[in-house]
Each structure stands twice: as structure tokens, then as C-alpha cells.
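A structural model of the following input is requested.
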Amino acid sequence: MKLGFKKVGKIGEAIIETKGLTVIAGENDTGKSTIGKAFFALIKAINTTQEYYIQDKQEKSLRMIWDIYSVLNAKLKKITTPTTAALFNPNHFTKELISCLQFNLPADDIVAKRKELLPELNLTDVELKRVEGLLTGIINLFAKKLTKENIINDAIRKAIQGEFRSQVNNSVTGETSELYLEYNEGNKNSFVFENNKLIDINSYSDTEHSIKEATLIESPAFLQAVDTLKGLPIFSDMGIGATDIKFWNGSPITFHLKDFSIKIDSYKYRKGKESAYSSRIKDIIKGEFYFDPKKEEMFFRKNSSDSQSTASIRTINTAIGVRSFGILDILLKVGAIGPSEMLIVDEPETHLHPVWQLEYARLIVDLVCDGVPVIITSHSPYMIEALRHYSKKKGIFDSATKFYLVKQADDSGNFCNVVDLKNNLDPIFQKLSDPLKKILYED
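Presented below is the predicted three-dimensional model:
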């Protein structure tokens, strides 16, 4: 798989190829995170186009159903006909419309039987006009048939909006941006953005893709905030705002953080065996995370020195480095990491001691050996050298790894280019050692 960039955010030119383990090194504010976010957004959108299509109709119709109910609520309380009250009940109404979505049916009959009941509600002319307009809107929404290109356009638009919040183009130059995703030779999907909006899709192909999912880990600090995040309107069971553009504009929650929170939250429902890595991670962090259904909270069960008793610690009081490994364990246990699910980790070294950076790198390389596609962004010499060392030790350095360096394209500082190092890592270590040289040779 290859992802190409042309003037996307801080990235001027780049072609990133993933062969198994992909490492993107560079200083801060060079656009490394942009690369991971773009991979995440495009993979999620392209592989869930039908889901987006159905979700979009469901959300729009649900908003109209609740608008209708807000107008009729007072009237419905006064009538004695249970059938009428039931038909306009949002839950009942929604279930019927979801059935239409599942079988790709029009909503005419469902809406018609409700229109017939409006006279008995004694609505004012204004109320009647409002409700009839909303009911007609539902009919029109379900009658609208979108082409494959329309669906992917909307999915990409929402995914990119959810990740970048209307800042796809470079904030200084504002030049047209392009992203292209190529799963194999001749199967290229290209997306053009102007004024931070998707304006064109070139040569879209819906060929079966080997990578079906993606998970982006931005910071282990978010593990303690999953319950809080789940309480925000963006996660409402009603679905309002889940992918709505206006909502994303005002939301501090990125698409990948929403996705991360949902996957971590699913841990409370997990039933089954441990992952193949569970005991190993448990040995590293001297314990494991678990969900307590009685307290409805995630805890870290720490092994005590006598190996017999244990201590339970709230997630918020657990070291962030411990959470880094705990997140991997949880994602493995819920099935969010695998050969068809790409794992993207943004600067995993941030909260890890050098010793644990080596352990984390070794774990990542072993996942790659098991077929998991992984992208790591990093500015740590320890992490990068460890990834090189363990990938060589496992025999995948030449066949399944790619190392890139992000550096400024010119003196303006507006853009950075990504250089394929052909697995010669010397430029990375030269770049990352510059601060130390500055200290050693400073007058």
C-alpha cells in the first residue's frame, strides 16, 4: 500500500509505502502526525462507505423524527389513542425506518400512515406545515439514491473533516492539496482538496482491500478519559453529530479519538481468551488492566512483591508508560489489532523510559512478524534504533520495513518533504543528534 501527499497540511511531497513496519522519523512540527492521521481517515472511510451511507440517512432522519416529536409531544399527551402515540414515538418511528434502510426500501408507506393521523391532533396551521414538511423530507431522503462515487465522496469528506477539522490545505499557502491511496499497481484512489473541502475524486476503484480497519493511538493519557469522552454528545446513542460536519467544526474530539474510545470501551463486554501477547505485556508492566462491572470502571491490577496478593489502581493513578502497554493489550484482546487492521502509533516513546522503549519496539516488531501492518512516528533515537535492531534480528528488515525522514523542503518552512531512506538510517541519527552536538560544542 502507498499513500501519496501533495501539499497536505505541512507535508509538501511524500509517497509512503507500507510493507509491514513503516517508521516515519523527524523533528517536531514537521507533519509526521499528519501522515498517520491521513492513513487512518482514508482507510476508515474507504472500507466503511456503505456504513457511512446508512449512518448518514439514519442520522438525518432521526433529527427529523425528533423535530416532529418536539412539535407533537404536548398534543400526544392529550390524546387517548395509543396507536397514534406509538407511531409518533421516536423509538418506534426509528425502528421502522431502520428496517427500510436495511432492505433499501422507500419510506412512503411508513410516513403515509402517520400523515393520516395528523388531523386528530388538532395542530395549528404552523405546526401542521412544519410536521408535513419534515415527513416529506424523510420521504425525499429515502428516495435519494447515491452513486458509489457520491457515497465515497461523503465518507471521505466526513472522515477528513473528523480528523483535520477543516485544515487539510496548508494554513499559510492555502494551495490545492491531494491525497492518493494505492493498494496495488493500477488501483489508485485520488482525492483533491481546495479551500479545505473535497472537490474531486479521481479514478476511484472499489477493488477488495486487504486492510479493512485502522486504529490510531495518539496518547496513552486518553485511556483515563474514555468514560468522560463517552459521555459527550458525539457518542450519543441517538447518533446526532456522530459524523455531522457542523458538529465536527465545534468538537475537540478527532475521528481517531472517537474510534479509539469506542474500541477501548468495548473491553467491558469482552468475553474469551487472552491474546497471544497478554502474558508478555503483563510481565513487562507487572500487572494488567481489567474492567470492574460493579464499579463500572477500568482498573490496573498490579502484582504485589509476594506474587500472591494484588492491588487495584484506578487508571487515572496508573503511570502513563504502563498505560502505553495496557492499551496494546486491550486492543489485542478486543480484536482491533490484526493482519487486516492497521495499527498507527504516534510517538510511542513520549511517555516511556529508554528501557521500555526497547520493549515496546520489540513488541511492535513481533506484531509485524505476525502480519500486523504498523506505522510508527518517532523522534527518539532509542525507539528507531530498537525497531531497526529487532526487525533485523527477526529477519524482516529488508523485506518488510520502510524508514522515512521528514525534513524541511526549503527555507520558507511552509512545507516538509518525506525522504525514503532505503533503510539507511544514518540521516535520521545525524538529524536527531544535532541538539546534543549543539550542547557539546556550544561556546
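
in this protein, which helix or strand is least confident?
helix 245-249 (a mean of 42; mean pLDDT, DSSP states H and E).

need the next SSE after the strand or helix carrying Leu42, C-terminal direction.
Leu42 belongs to helix 32-47 when assigned by DSSP states H and E. Downstream of helix 32-47, the next assigned helix or strand under DSSP H and E is helix 49-78.

Now do that following helix: distance to the chain's middle.
Here helix 49-78 is found 26 Å from its chain centre; the criterion is CA atoms, centre = their mean, to the nearest Å.

Who are the packing partners of that helix?
Helix 49-78 sits against helix 82-88, helix 90-102, helix 125-143, helix 148-164, with contacts defined as 3 or more CB pairs under 8 Å, 6 or more residues apart in numbering; DSSP states H and E. C-beta here means a position set from N, CA and C on the backbone, and glycine is covered the same way.

Those helices into a markdown table, with extra columns for distance to Lys437 and mean pLDDT?
Shown next, in a markdown table, are these (distance: least, CB to CB, whole Å; pLDDT from 0 to 100):
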| stretch | distance to Lys437 | mean pLDDT |
| --- | --- | --- |
| helix 82-88 | 73 | 84 |
| helix 90-102 | 61 | 84 |
| helix 125-143 | 62 | 91 |
| helix 148-164 | 35 | 76 |
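
Tell me which of the ones you listed sits most buried.
Highest mean neighbour count among the helices and strands packed on helix 49-78 (mean count of other CB atoms under 10 Å): helix 148-164, with a mean of 21.

relative to helix 49-78, how tilted is that helix?
Interaxial angle, helix 148-164 versus helix 49-78 (axes from the mean of the first three to the mean of the last three CA atoms, to 10 degrees): 80 degrees.

and the angle from helix 148-164 to helix 32-47?
Going by the same axes, to 10 degrees, helix 148-164 makes 150 degrees with helix 32-47.

For whatever helix or strand comes next after helix 148-164, buried residues please.
Next along the chain after helix 148-164, taking DSSP H and E as the criterion, comes strand 177-184. Using 16 or more other CB atoms under 10 Å as the test for burial, strand 177-184 gives Ser177, Glu178, Leu179, Tyr180, Leu181, Glu182, Tyr183.

Could you pull up the residues touching Val334?
Neighbour list for Val334: Lys263, Ile264, Ser266, Tyr267, Arg270 [criterion: CB atoms under 8 Å, 6 or more residues apart in numbering].

helices or strands up against the strand or helix carrying Asn417?
Secondary structure assignment for Asn417, by DSSP H and E: strand 416-420. Applying 3+ CB pairs under 8 Å, 6+ apart, one finds that strand 416-420 contacts strand 11-17, strand 401-408.

Helix 32-47 and that strand, what's the angle between them?
With the same axes, to 10 degrees applied, the angle from strand 416-420 to helix 32-47 works out at 80 degrees.

returning to that earlier point: which one of the helices and strands packed on helix 49-78 lies closest to Pro293?
Pro293 lies closest, by CB to CB, to one member of these: helix 90-102, at 26.1 Å.
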